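J.: here are the coordinates; sequence isn't available:
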C-alpha cells in the first residue's frame, strides 16, 4: 500500500485572514497586530498537536517494577486495580507529605480545577491523586475544598517506593515533588508511558518551572489578560473576604 503523503496545510497567516471577527472601536493598527497574533496562535495550536502526536508515538516505556500498594478511604488497593475499565492511568503526585501542615497551594489549586473535569476525564482514562500523607488528612482537605470526584490515595504505606521511583523524591529529605505520570496496561504488564520532566533545571531565565502545555487552567486564563500571570503572585489556600 502506498504511503499517504503528509497533508499540506495552508499557512497560518492565510487562515488568520479568514476570520470575520471584529470588535467595536478597534483601529487598523489593532487589527493588523491581532491578525499577526492570530497566526502565531494557530501555529501554537499546530505545535501542541505535533507534540501530542510525538508523545503518543513514544517507544514502550519501562515495566513498572512492582505492584505498588496504596491506601484509600475504603482500604488498601494495588496499582493494577486502579485502571478499572481503561488501559491507561494518570497519577498525580500531590505535594502533601506528612511533614507539611498544609498542602501545596499550587497543587491544590490545580486539583480543584481538575475535580470539576474529572467526570469527563474518567470517560477516557483512569486518574488518581497520591500523596504521602495519611489518607485521613487527604480526605479532610478534600472535604474542606469541596472536592467531589478526585480519587485520593496515600502512598505513605510501609514499603511503598512509588514517590521515590516516579516523583524523584528522596525519602530521607522530607521534601516532596509534584509529578504527572501516565501508565499503560498491556495484558498483565504495566508500563510507564510518559512522565513530566520539566523543573528548575529546564526553566528559562526569569520563568517559573512549568510543563508544556501547562496543565493549570488558572495560568491559561491569566495569560489572556493584559497583566498576565505576573511574576510574584501565586495561588493561596484561602483569601480574605472582599
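T.: Looks like it came in fine. Please read all numbers here as calculations on a predicted model, not as lab measurements. Residues are numbered from 1 along each chain as shown.
J.: tell me which residues in stretch 12-20 are buried?
T.: 12, 16 (16 or more other C-beta atoms under 10 Å). Every residue, glycine included, has its C-beta placed from N, CA and C.
J.: what are the ranges of the helices in this protein?
T.: Assignment of helices within the chain using DSSP state H yields the ranges 12-16, 28-56, 105-121, 135-145, 162-166, 217-222.
J.: what's the fifth one in contact with?
T.: So the one you mean is helix 162-166. By C-beta atoms under 8 Å, 6 or more residues apart in numbering, the surrounding residues in contact with helix 162-166 are 65, 68, 70, 79, 91, 93, 130, 132, 155, 169-171, 176-177, 179, 181, 192, 195.
J.: likewise stretch 215-229?
T.: For stretch 215-229, using C-beta under 8 Å, 6+ apart, the contacting residues are 106, 109, 110, 113, 180, 210, 214, 230, 235.
J.: Contacts only, for the third one.
T.: Meaning residue 110. Taking C-beta under 8 Å, 6+ apart, we find residue 110 in contact with 215, 216, 217, 218.
J.: now with 10 Å?
T.: By C-beta atoms under 10 Å, 6 or more residues apart in numbering, the residues touching residue 110 are 92, 94, 104, 178, 214, 215, 216, 217, 218, 219, 235.
J.: Now do the residue nearest to the second one when sequence neighbours are not counted: how many residues are near it, please.
T.: Looking back up the chat, that one is residue 94. Using C-beta to C-beta, 6 or more residues apart in numbering and skipping residues adjacent in sequence, the residue nearest residue 94 is residue 131, 4.1 Å away. Residue 131: 27 surrounding residues under other C-beta atoms under 10 Å.
J.: I figured residue 131 hits residue 154, correct?
T.: Yes: between residue 131 and residue 154 there is a contact at 6.6 Å, judged by C-beta atoms under 10 Å.
J.: Could you name every residue contacting both of the two?
T.: Listed as contacting both residue 131 and residue 154 by C-beta under 10 Å, 6+ apart are 96, 98, 137, 138.
J.: Are any of these buried, and if so which?
T.: Buried by 16+ other C-beta under 10 Å: 96, 137, 138, out of these.
J.: Narrow the contacts of helix 162-166 to those that are buried.
T.: 68, 70, 79, 91, 93, 130, 132, 155, 169, 176, 179, 181, 192, 195.
J.: so who does the third one touch?
T.: Each residue near residue 79 by C-beta under 10 Å, 6+ apart is listed here: 64, 66-70, 89, 91, 128, 130, 153, 160, 162, 183, 185, 190.
J.: change it to 6 Å
T.: 67, 68 (C-beta atoms under 6 Å, 6 or more residues apart in numbering).
J.: Now do it, the pLDDT please.
T.: Residue 79 is assigned 98 on the pLDDT scale.
J.: And for the first one?
T.: Model confidence at residue 68, given as pLDDT, is 97.
J.: any idea how far residue 18 is from it?
T.: Going from residue 68 to residue 18 by C-beta to C-beta, to the nearest Å gives 51 Å.
J.: And the fourth one, by the same measure?
T.: Remark: distance between residue 91 and residue 18 (C-beta to C-beta) = 42 Å.
J.: Filter the contacts of helix 162-166 down to the ones in strands?
T.: 70, 91, 93, 130, 179, 181, 192, 195 (DSSP state E).
J.: between the residues you listed, which is closest to residue 48?
T.: Set against residue 48, the nearest of those by C-beta to C-beta is residue 195 (18.7 Å).
J.: residue contacts, the closest residue to that closest one other than its chain neighbours?
T.: Among residues not flanking residue 195 along the chain, residue 181 sits closest, at 4.4 Å (C-beta to C-beta, 6+ apart). Contact partners of residue 181, counting by C-beta under 6 Å, 6+ apart, are 91, 166, 195.
J.: one more time with 10 Å, if that's ok
T.: Going by C-beta under 10 Å, 6+ apart, residue 181 touches 61, 64, 89-93, 130, 162, 165-167, 192-196.
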